[in-house]
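Enquirer: predicted model and sequence below, questions to follow.
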Amino acid sequence: MADVYNWQLGRAMSYPHEEAHPNLQFAFVFNINRCIACQTCTMACKSTWTFARGQEYMWWNNVESKPYGGYPHNWDSKLLEMLEAENPEGQRWRTKGKSATKPYGEFKGKTIFEAAENHSAADKSMRALGYIPTDQEWRSPNIHEETATGKFREKDQWGLSAELPEHKVWFFYLQRLCNHCTYPACLAACPRNAIYKRSEDGIVLIDQERCRGYRKCVEACPYKKPMYNSATRISEKCIACYPRIEGKDPVLSADSSPMETRCMSACVGKIRLQGLVKKTADGQWAKDPDNPINFLVREREIALPLYPQFGTEPNGYYIPPRWVPRGYLKQMFGPGVEHAIEQYSNPDRELLAVLQLFRTTQKVIFKFKIDKGEKVAEIENTLPSGKKVVQEIFNDTVTGYDQQGREIVRITVEEPTFERPKNHVNSI
Ligand code: SF4
Ligand code: SF4
């Protein structure tokens, strides 16, 4: 049992495995506000990795509609209920005294690891509080798609829903894959030591030779991302398209520079940005404000971890949806929700420029630079807090660089428009 520091919780926690940290960590940011649930990401993953016999119910990447949807069904509400039972005093946050090492404050409840230590269940070998979903729960991966919740008004049912900051009737899409956690529950729970975290990029993999299909990883992962293959009788999970991260995809990486995964690069809604962030020897994020993922997660705190209270320190981050009641968002993304939404609703010129980088290149961006441009607009804006602001828009240029410092993308805030010459009108 190691005592490790979890910066998302703002405190040390017990972790039932040896502590080890990579030099770089696979991480990603999803902008929920832009997802259209087209499932292109889901199919890009499916057609690449899980099209064989025994993988029929495997969706390493899925997009579910919240609050009712989930794959497997009710994966989060089931575990939250179990955690509540182990946390008689509630899953609370102390938000006073925030600092660089505790950006969201301090979590006062129990993580899945701490809850398992005192668990009353007969299985004393349990490393993390969890459960194995039933076969029924793995069916219908897109159940409750676009099923809204909230109160409708009788005569004009949509009238109450049309205005920000919060809609009275709401749902949103949640994009999910393995979070390649800093403290993976799947890894800690495996009695065969078949799961490992790579030191070069923090990707978590299951050794298919060592796995015997005990499904301890399925039970322990709070996000339910390891999946059991009934044909081979071993477990499988997202491999973060590691050949692409290693720069071995022949399509674009003749120069061996890391490429984003299939689900990231296929995203139609331009909601996804994936990268590799620098870690220090003790597992903290190195100060690296010019890395776009680092900038969005640590500098601006606009992108938040999914269920940080579980304690695995997931490396997937989400810009929360502006129209969803804050109470729901806070139990899902922690206490940083108001700050993230306020910033997203009124981005300054630096943030606006970085937000342009989503889906502009398949290569991993390690660094960005902004060149200032002219002011092109002024927009009157009412923030979720009710404050009225005048937002200035500048046509800045943002440039992205690969691991070797080579330019791989250059884009302006204002998209250039081209007028089709008269002799080519309707020529398509
Ligand atoms: S491809 Fe992008 S927009 Fe489409 S469902 Fe996936 S995350 Fe959402
Ligand atoms: S999301 Fe689950 S499967 Fe992925 S690393 Fe974390 S605990 Fe393991």
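Expert: Thanks, I have it. Ligands and ions are numbered 1, 2, ... in the order given.

Enquirer: from here on, just use CA atoms for contacts and neighbour counts.
Expert: Noted.

Enquirer: residue in the stretch 201-350 of the chain with the shortest distance to ligand 2?
Expert: At 4.1 Å from ligand 2, residue 221 is the closest residue in the stretch 201-350 of the chain, using CA to the nearest ligand atom.

Enquirer: next, the distance between the ends of stretch 167-174.
Expert: Length of stretch 167-174, first residue to last, CA to CA, to the nearest Å: 17 Å.

Enquirer: and if you look at stretch 104-117?
Expert: First residue to last in stretch 104-117 (CA to CA) measures 25 Å.

Enquirer: now swap in stretch 388-402 and tell me
Expert: 39 Å.

Enquirer: which of the residues in it are buried?
Expert: 391, 393-402 (16 or more other CA atoms under 10 Å).

Enquirer: what's the answer for stretch 268-287, then?
Expert: So, applying 16+ other CA under 10 Å, buried residues of stretch 268-287: 268-279, 283, 285-286.

Enquirer: out of the buried residues of stretch 388-402, who's nearest residue 208?
Expert: residue 402 (31.9 Å; CA to CA).

Enquirer: go ahead and confirm residue 289 touches residue 295.
Expert: Yes. Using CA atoms under 8 Å, residue 289 is in contact with residue 295, at 5.0 Å.

Enquirer: out of these two, which sits in the busier spot?
Expert: residue 295 (20 against 16; other CA atoms under 10 Å).

Enquirer: using the three-state scheme, assign that one.
Expert: Three-state call for residue 295 (DSSP: H, G, I helix; E, B strand; the rest coil): helix.

Enquirer: just to check, it is in contact with residue 286?
Expert: No. Counting by CA under 8 Å, residue 295 stays clear of residue 286, with 11.4 Å between them.

Enquirer: ok so, going back, pick out the most distant pair among the buried residues of stretch 268-287.
Expert: Spatially, the most separated pair among these is 268 and 283, at 33.3 Å (CA to CA).

Enquirer: mind checking how far the spatially most central residue of the chain is from residue 103?
Expert: Nearest to the mean C-alpha position of the chain, by CA atoms, centre = their mean, lies residue 316 at 2.8 Å. Applying CA to CA, the value for residue 316 to residue 103 is 16 Å.

Enquirer: next: residue 96.
Expert: Note on residue 96: its distance to residue 103, by CA to CA, is 10 Å.

Enquirer: between those two, which is the more surrounded one?
Expert: Legend: neighbour count by other CA under 10 Å for residue 96 and residue 103, higher for residue 103 (18 against 10).

Enquirer: so the more buried one makes contact with residue 11?
Expert: No. Here residue 103 does not reach residue 11: they are 10.8 Å apart, not a contact under CA under 8 Å.

Enquirer: got the residues of this protein near ligand 2?
Expert: 178-181, 184-186, 204, 221, 223-226 (CA under 6 Å from any ligand atom).

Enquirer: got any ranges where the stretch 51-200 of the chain has weak pLDDT?
Expert: 120-124, 153-162 (pLDDT under 70).

Enquirer: switch to 90 and redo it
Expert: Along the stretch 51-200 of the chain, segments meeting pLDDT under 90 span 87-91, 97-98, 117-126, 150-168.

Enquirer: any chance you could map the strands in the stretch 1-150 of the chain?
Expert: Here the stretch 1-150 of the chain has its strands, by DSSP state E, counting those that start in this stretch, at 2-6, 11-15, 24-31, 62-66, 93-94, 106-107, 149-150.

Enquirer: the ones you listed into TSV, with extra columns for mean neighbour count?
Expert: Putting those into TSV (neighbours: other CA atoms under 10 Å) gives the following:
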stretch	mean neighbour count
strand 2-6	17
strand 11-15	17
strand 24-31	24
strand 62-66	22
strand 93-94	16
strand 106-107	22
strand 149-150	12
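
Enquirer: near ligand 1, which residues of the stretch 1-150 of the chain show up?
Expert: So the stretch 1-150 of the chain meets ligand 1 at 35-41, 63 (CA under 6 Å from any ligand atom).

Enquirer: so which of those residues belong to helices?
Expert: 40-41 (DSSP state H).

Enquirer: which of the residues of the stretch 1-150 of the chain next to ligand 1 has the most neighbours?
Expert: That'd be residue 63 among these, by other CA under 10 Å, with 26 neighbours.

Enquirer: what number of residues lie near residue 419?
Expert: Look at residue 419: counted by other CA under 10 Å, it has 6 neighbours.

Enquirer: and what of residue 112?
Expert: If you count neighbours by other CA under 10 Å, residue 112 ends up with 27.

Enquirer: please name the residues that touch it.
Expert: Counting by CA atoms under 8 Å, 6 or more residues apart in numbering, residue 112 touches 83, 128-130, 222, 310-311.

Enquirer: quick one: which of those is nearest to ligand 1?
Expert: residue 222 (21.0 Å).

Enquirer: picking up where we left off before, look at the residue nearest to the centre of the chain and report its pLDDT.
Expert: On the pLDDT scale, residue 316 is placed at 98.

Enquirer: surely it is in contact with residue 182?
Expert: No. Contact criterion CA under 8 Å: residue 316 and residue 182 do not qualify, at 10.7 Å.

Enquirer: ok so, going back, ok, the buried residues of stretch 268-287 vs residue 48, which is closest?
Expert: So of these, ranked by how close each gets to residue 48 (CA to CA), first place is residue 268, at 17.3 Å.

Enquirer: what pLDDT does the closest one get?
Expert: 97.

Enquirer: and the closest residue to it other than its chain neighbours, what does it touch?
Expert: Among residues not flanking residue 268 along the chain, residue 40 sits closest, at 7.0 Å (CA to CA, 6 or more residues apart in numbering). Neighbour list for residue 40: 263, 266-268 [criterion: CA under 8 Å, 6+ apart].

Enquirer: now these: which count as buried?
Expert: Buried members of the contacts of residue 40, scored by 16+ other CA under 10 Å, are 263, 266-268.

Enquirer: ok, the residues you listed vs ligand 1, which is closest?
Expert: residue 267 (3.5 Å).

Enquirer: report the contact partners of that closest one.
Expert: By CA under 8 Å, 6+ apart, residue 267 lies in contact with 40-41, 359.
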